[in-house]
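A.B. asks: Provide a 3D model corresponding to the input given below.
(2 chains)
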Protein chains: 2
Amino acid sequence: MKYRAKIEVSLKPGHSDPEGETTARLLKELGYTVSAVNVSKVYTVFLEAETSKEAATKAEEMCRKLLANPTKDNYTIAIEEQK
Amino acid sequence: MKYRAKIEVSLKPGHSDPEGETTARLLKELGYTVSAVNVSKVYTVFLEAETSKEAATKAEEMCRKLLANPTKDNYTIAIEEQK
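C.D. replies: Here you go, the predicted model:
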């Protein structure tokens, strides 16, 4: 079965997010009342697995092995079956 | 009122996504059956607006003015009221 894993990797609270800070500053300069901007990354992974549960387990492993840094990143995973 | 706009900026189909290609290659090297990986970016913007509709309009403007490149990017916006 084909699945789509949407994996969002974001910084843990307290970690410096220079891209978010710069974006917030630029939006303020454009006249918007913005208190903060956080930037995160989404990996949409098209993968093969037997079940949705197995796809979630694989996506979790991918985060631990490659996509997320456990020291500074949080991640969320959403699995969808592909038609 | 305070709102949180979650703005996801992704590449339009057909545009080269070298980060996604590299990630797919590395996941394959780790033994996963992956057909593709797309990488996109999420800006979580904490902003002030009178109504949810106004927050959405502002977020749309932010995309056009700063966050997305109309030539190569698609974007989606989700607005949530902040407690």
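A.B. asks: list the buried ones in the longest strand belonging to chain A?
C.D. replies: Taking DSSP state E as the criterion, chain A has its longest strand at strand A:34-48. Neighbour-count burial for strand A:34-48 flags A:Val34, A:Val37, A:Asn38, A:Val39, A:Ser40, A:Lys41, A:Val42, A:Tyr43, A:Thr44, A:Val45, A:Phe46, A:Leu47 (criterion: 16 or more other CB atoms under 10 Å in any protein chain shown). Placement of C-beta: from N, CA and C, glycine included.
A.B. asks: Get me the contact residues on chain A for chain B.
C.D. replies: Contacts of chain A with chain B, taken as CB under 8 Å from any CB of the partner chain, map to A:2, A:8, A:10, A:20, A:23-24, A:26-27, A:30, A:32-48, A:58, A:62, A:65-67.
A.B. asks: returning to that earlier point: following the longest strand of chain A, which helix or strand comes up?
C.D. replies: helix A:52-62 (DSSP states H and E).
A.B. asks: what sits up against that next one?
C.D. replies: A:1, A:3, A:5, A:7, A:45, A:47, A:49, A:77, A:79, A:81, B:27, B:30, B:32 (CB atoms under 8 Å, 6 or more residues apart in numbering or on different chains).
A.B. asks: Now the two most distant members of those residues.
C.D. replies: Farthest-apart pair in these is A:Glu81 and B:Leu30; separation 22.7 Å (CB to CB).
A.B. asks: follow-up on the earlier one: tell me how far the longest strand of chain A is from the chain's mean position?
C.D. replies: 4 Å (CA atoms, centre = their mean, to the nearest Å).
A.B. asks: How about stretch A:71-83?
C.D. replies: That offset, for stretch A:71-83, works out to 7 Å (CA atoms, centre = their mean).
A.B. asks: quick one: buried residues of that stretch?
C.D. replies: Of all the residues in stretch A:71-83, those buried under the rule 16+ other CB under 10 Å are A:Asp73, A:Tyr75, A:Ile77, A:Ile79.
A.B. asks: That concludes my questions; thank you for your assistance.
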